[in-house]
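**Student:** Dropping the sequence and predicted coords here.
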Amino acid sequence: MADLFAEDLPGAAPDEPREDAPLADRLRPRNLGEVIGQEHLTGPEGAIGRMVAAGRLSSMILWGPPGTGKTSTARLLADAVGMRFVSVSAVFSGVADLKKAFAEAETAAKMGQRTLLFVDEIHRFNRAQQDGFLPFVEKGTVTLVGATTENPSFALNAALLSRAQVLILHRLDARALDELLTRAEAIAGPLPLTPDARKALVASADGDGRFLLNQAETLYNAAIPEPLDPAGLGAFLQRRVAVYDKDRDGHYNLISALHKALRGSDPQASLYYMARMLTAGEEPLYVLRRLVRFASEDIGLADPQALVQCLAAKDAYQFLGSPEGELAIVQACLYLATAPKSNAAYVAQKEAWKSAKETGSLAPPAHILNAPTNLMKDIGYGAGYAYDHEAEDGFSGADYWPEGMAAQDYYRPVERGFEREVLKRLEWWDKKRRELRGE
């Protein structure tokens, strides 16, 4: 399984692990058919399955969470098509290592031997280093297989992406993880767990096969005399922290999911995604900033209290701190999810900003300009201004748009929540304007 087994030395072929090798190494798959959970790629209809059947590999980027099969898939790919396998890590390798690998690949090519260059954590190479792969990939000196846990769209150069196919490896589901444990038990014996504890162990892996096997090995090494139940397992093994990089892809995926659940008026899913973020260590004030933004972007005047609730939650959290103050964040989240929705203010902002940029420096009409000097009065500033408080119904119906610019309709309230009342006011004012103009 990718990232699941010990790294081969560059150029080394897979061999049988020692009997005292780690459990994960002993369970390393010997062919692509033994790779668990990635049948959509390795099966006969998958991209990898088709390439292997044809005996030709394209350069590719294997993108997936830790412990899902990236490293082993690359190694087995080379073996399946008879290629020389060379492995480097972006964490431990530098330019000198890459130059050596390319030079050796060129020598091997002259002898009729193709090279698969596997680059683990390729996203850790900077842009210039990534560019260094291009000529060797283009010439066919190496077939590049990069592995990354980060979104390639953000982590890799566009030039490199254009020369490689991105293949997505899925996090291992419960079925795949259970099969992995079954394989472990076939060589190491039954795990000292009750059936419920075994399910709990699978759930704790969060899709990471390597983590699951490491936990299983810990249980084997402890020589536990009686099977543990879920509570006993939890007491024995340290709790696993959810996979969550606050400045990486997982961060943006979860905040996007929270925003979409709030917009979809699903308070249960909204709470779930917010809990995922906060329990994984996200800064509560970041979540609050996103909630405040949502209150204006997706609710606006449909419920003006939404923004008030979010700012109050921010004040409460800063006053109480964690964990007490987190309940105020929950309250704000629930308020937003259950409030009527409108993006009318958001749309109005974008349209008004666009008009402002397009119309440049058009002057407001003279009648609404202040005239603090006699000169300004003489040239018409303030002339004819209608003071609305003195008008019938407190509304003059005056034209406030610059000369030469037609009145615009940026803000269009929806028939939901408080904006329904706002819409009635706007319609009444429009009717009065037409009456005052004799239309």
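**Tutor:** Yep, that arrived. Numbers count the residues shown, from 1 in each chain.

**Student:** which residue is nearest the centroid of the protein?
**Tutor:** Centroid-nearest residue in the chain, with Cα atoms, centre = their mean: Asn253, separated by 2.7 Å.

**Student:** So that residue versus Arg276, what's the distance?
**Tutor:** In this view, Asn253 and Arg276 are 10 Å apart by Cβ to Cβ, to the nearest Å. Heads up, the C-betas are built off the backbone N, CA and C, glycines and all.

**Student:** coming back round to it: could you say which helix or strand contains the residue nearest to the centre of the chain?
**Tutor:** helix 249-263 (DSSP states H and E).

**Student:** again, but for Ser87
**Tutor:** Here Ser87 is assigned to strand 84-89, by DSSP H and E.

**Student:** Packing partners of that strand?
**Tutor:** helix 70-80, helix 95-110, strand 115-120 (3 or more Cβ pairs under 8 Å, 6 or more residues apart in numbering; DSSP states H and E).

**Student:** so can I have a markdown table of these showing distance to Pro340 and mean pLDDT?
**Tutor:** Output for the helices and strands packed on strand 84-89, formatted as a markdown table (distance: least, Cβ to Cβ, whole Å; pLDDT from 0 to 100):
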| stretch | distance to Pro340 | mean pLDDT |
| --- | --- | --- |
| helix 70-80 | 46 | 92 |
| helix 95-110 | 57 | 90 |
| strand 115-120 | 50 | 94 |
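
**Student:** Would you mind putting the ones you listed into a markdown table with distance to Leu369 alongside?
**Tutor:** Converted to a markdown table, those look like this (distance: least, Cβ to Cβ, whole Å):
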| stretch | distance to Leu369 |
| --- | --- |
| helix 70-80 | 67 |
| helix 95-110 | 65 |
| strand 115-120 | 65 |
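
**Student:** Quick check, Glu138 in contact with Ala164.
**Tutor:** No - counting by Cβ atoms under 8 Å, Glu138 sits too far from Ala164 to count as a contact (11.3 Å).

**Student:** So those two - more neighbours on which side?
**Tutor:** Applying other Cβ atoms under 10 Å to Glu138 and Ala164 shows that Ala164 carries more neighbours, namely 21 against 10.

**Student:** from memory that one sits against Thr148, does it?
**Tutor:** No - counting by Cβ under 8 Å, Ala164 does not reach Thr148; the two are 11.0 Å apart.

**Student:** related to what we said a few turns ago, tell me which of the helices and strands packed on strand 84-89 approaches Asp206 most closely.
**Tutor:** For these, the distance to Asp206 is smallest for helix 70-80, at 16.6 Å, taking Cβ to Cβ.

**Student:** What is that closest one packed up against?
**Tutor:** Going by 3+ Cβ pairs under 8 Å, 6+ apart, helix 70-80 lies up against helix 47-54, strand 60-63, strand 84-89, strand 115-120, strand 143-148.

**Student:** Figure out how far the longest one is from the centre of its chain.
**Tutor:** On the basis of Cα atoms, centre = their mean, to the nearest Å, helix 47-54 sits 30 Å off its chain's mean C-alpha point.

**Student:** Make 366 the starting number, not 1.
**Tutor:** Fine by me, first position is 366 from now on; the one you just mentioned is helix 412-419.
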